[in-house]
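Novice: got a structure for you, letters missing:
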């Protein structure tokens, strides 16, 4: 190569590098922690209409479509009102939550916003020293008798009043498995953790990873721990962990941690490098037999055109429905009080929930819903089976998805589990969990 | 007192906006952060009542924050030393006036043009056990776990070195808290790949600035090439080394983007840093005062590096 050519090459390369850098930058903004630019959805409202600003982190896919369909029906039924999605992309809502908290602190909250039902909402906005920044909702907006008791207890503040409208329900404690792998090895979905070990050993003997976990975000590991806790403690014992009625020093929590240690021995070695959907891919590819994940896994299978999967409650979780939900509250300082009350009432109605949920891939929080309009999208087989369980199972809240514990309590539990996932020191971890409960006021 | 002439008035007027902006947005915000860190603002009520050093006590007794400080120190030491060594080595290679010198110079410098986010994503896939290097080089993925390896190298209390430390009253150092997490080295690798070319450029400029007469004089006096490098070149490079340590050090103390794109908190917080803990505490857990306390600790860490440098720089300029 001559010097002249080398110099020309030297000029071309930085340009290539810059182009690569620029492309990468664009890609990164759509990923976790990405840009916080609100979409200009308000512009779609007809001039002269009274706008209702709904701040969410639903920007794409079925969830954004479902919300749009719900707004279309609401806006058509209420002339002069225009609800719109002021969405903020990125990081499963972390970017949006930061904006919503800042706006609330500044006294200019959106008319309503997306927030996980339960203690993430209550301990952030309602049960705080300066008093609630949300208004309680009366029965003209939401009728608590149409929702399971397990839901009503975690959408109500300490004053017993309801503070938010749950629009959907996802199930957290579900076991998903590859039907072909199970059939080839004459296995059935394990009903208890003892069965799980038998099943897992059989898979391990064939060189198949028994349980796929993708805990690059530790919450996926936390969800496995929660299903074990439910199995060991039962409904009342598990619920007591979040109210102080069950002590974290209880011997059954020790049993659960020992169980978790055993289960962790059946997990793929690269779990801390993978996300939940990459772990799910191992099940699809038949490299792993099972995974424990929320029912958004169902959406992942559908999106990837994979049909040979089965589902069952996580071992020891039969008859117990661990729930999480997105919900919409009423900020006391919302600009359009009358409009947003009407919108929340529609979101709480069976009609509104049946428009939204088929698109979202979740089920209605109301137990009397389940009949979407024939013109809209219908529920799929998984959703139908989940709705049957929802009406008869006992409902418990999900810690990892904001229903059971305050954000700080959850972080402290996750920190203990992060250390446990590598060291496996049961006594130290239980002490850390107990300390976390003390810090949280239990 | 000097007369206020037109030039003086104009120059003051031009300076005022910048001074005001820095006063408010840098020093004002630092003051506000310190104030918040001493308050009870640990929920959305934002209660600014004085809380003493309770938030600092809380974060320093937090295991995660202790590990974060360990990681910061380990990462900084490895990252700075490796970048300096590789940068100096490359600069010396190029200083030999090789063919296609500008090509190599550009090649080594290119990683600097890429953002840490991109570097993080690329190295994440190169070092993911089920992909990248393990497949390219045919390595066993269950033993080459890179940034998913939870191992922490530390002096075991019951080992010979552990007994020695205990003997001299430093037994407290024989814990994982003073160890080296293996997973962190993957992050060091990516950061060094990105920044060593930059160090090379600094050193190369300095090497070119050393007059040939000095080397000639050394050779005439009978110095070997190694002695020439060790006794003449290296001392002359000291100002560049100090500058490089400052630049690399402050990047490393504040590292966030690379870690977020590549490894997140890592196994057992092996690749967690104060910046991500601060983000989690303040914006996820609503514990604004504790988050501010973490921010203040980070500021103090960077200041202990930068302030002596600024003083040293001032003295050098004054001496000139």
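Specialist: That came through, no problem. Note that the structure is a prediction, hence the values are computed from the model and not measured. Numbers count the residues shown, from 1 in each chain, chains lettered A, B, ... in the order given.
Novice: residue contacts, the residue nearest the centre of chain B?
Specialist: Nearest to the mean C-alpha position of chain B, by CA atoms, centre = their mean, lies residue B:252 at 1.8 Å. Contact partners of residue B:252, counting by CB atoms under 8 Å, 6 or more residues apart in numbering or on different chains, are B:72, B:75, B:76, B:79, B:80, B:191. Glycine gets a C-beta too; all of them are placed from N, C-alpha and C.
Novice: out of these, which sit inside strands?
Specialist: Counting by DSSP state E, the contacts of residue B:252 place none of their members in strands.
Novice: most neighbours, which of the residues you listed?
Specialist: residue B:191 (27 neighbours; other CB atoms under 10 Å in any protein chain shown).
Novice: is it true that that one touches residue B:255?
Specialist: Yes. Using CB atoms under 8 Å, residue B:191 is in contact with residue B:255, at 7.4 Å.
Novice: intersection of neighbour lists for the two?
Specialist: Contact criterion CB under 8 Å, 6+ apart; residues shared by residue B:191 and residue B:255: residue B:75.
Novice: ok, back up a step: which one of the contacts of residue B:252 is nearest to residue A:366?
Specialist: Closest approach to residue A:366 among the contacts of residue B:252 (CB to CB): residue B:72, at 49.9 Å.
Novice: pLDDT at that closest one, what is it?
Specialist: At residue B:72, the pLDDT value in this model is 97.
Novice: also residue A:48?
Specialist: Reading off the confidence values, residue A:48 has pLDDT 88.
Novice: what does residue A:424 give?
Specialist: Residue A:424 is assigned 83 on the pLDDT scale.
Novice: neighbours around it, how many?
Specialist: A total of 17 residues lie near residue A:424 under the criterion other CB under 10 Å.
Novice: ditto for residue A:234
Specialist: Based on other CB under 10 Å, the number of other residues close to residue A:234 is 17.
Novice: what helix or strand is residue A:83 on?
Specialist: According to DSSP states H and E, residue A:83 maps onto strand A:81-85.
Novice: next helix or strand past that strand?
Specialist: Using DSSP H and E, the helix or strand that follows strand A:81-85 in sequence is helix A:94-105.
Novice: can you name the residues in contact with that following helix?
Specialist: Outside helix A:94-105, the residues touching it (CB under 8 Å, 6+ apart) are A:32-36, A:55-57, A:87-90, A:109-110, A:113-115, A:124-125, A:133, A:331, A:333, B:44, B:46, B:283-284, B:286.
Novice: any idea how far residue A:58 lies from chain B?
Specialist: Per CB to the nearest CB, to the nearest Å, residue A:58 is found 19 Å from chain B.
Novice: check what pLDDT the closest residue to that residue other than its chain neighbours gets.
Specialist: Leaving aside its sequence neighbours, residue A:58 sits nearest to residue A:64 (CB to CB, 6 or more residues apart in numbering or on different chains; 4.6 Å). Confidence at residue A:64, expressed as pLDDT, is 93.
Novice: is it true that residue A:64 touches residue A:57?
Specialist: No. With contacts counted by CB under 8 Å, residue A:64 stays clear of residue A:57, the gap being 9.7 Å.
Novice: higher neighbour count, those two?
Specialist: residue A:57 (23 against 19).
Novice: where do the helices sit along the stretch 1-150 of chain A?
Specialist: Counting by DSSP state H, counting those that start in this stretch, the stretch 1-150 of chain A has helices at residues A:3-30, A:61-77, A:94-105, A:119-121, A:149-155.
Novice: what of the stretch 301-442 of chain A?
Specialist: Assigned by DSSP H, counting those that start in this stretch, the helices in the stretch 301-442 of chain A fall at A:337-348, A:350-360, A:381-392, A:407-423, A:426-439.
Novice: out of the contacts of helix A:94-105, which are buried?
Specialist: By neighbour count, with 16 or more other CB atoms under 10 Å in any protein chain shown, these hold A:33-34, A:55-57, A:87-90, A:109-110, A:113-115, A:124-125, A:133, A:331, B:44, B:46, B:283-284, B:286 as buried.
Novice: what about chain B, any weak spots by pLDDT?
Specialist: For chain B, the stretches with pLDDT under 70 are B:1-3.
Novice: now the strands for it?
Specialist: B:152-153, B:180-181.
Novice: so which of those strands gets nearest chain A?
Specialist: Taking CB to the nearest CB, strand B:152-153 is the member of the strands of chain B nearest to chain A, at 8.5 Å.
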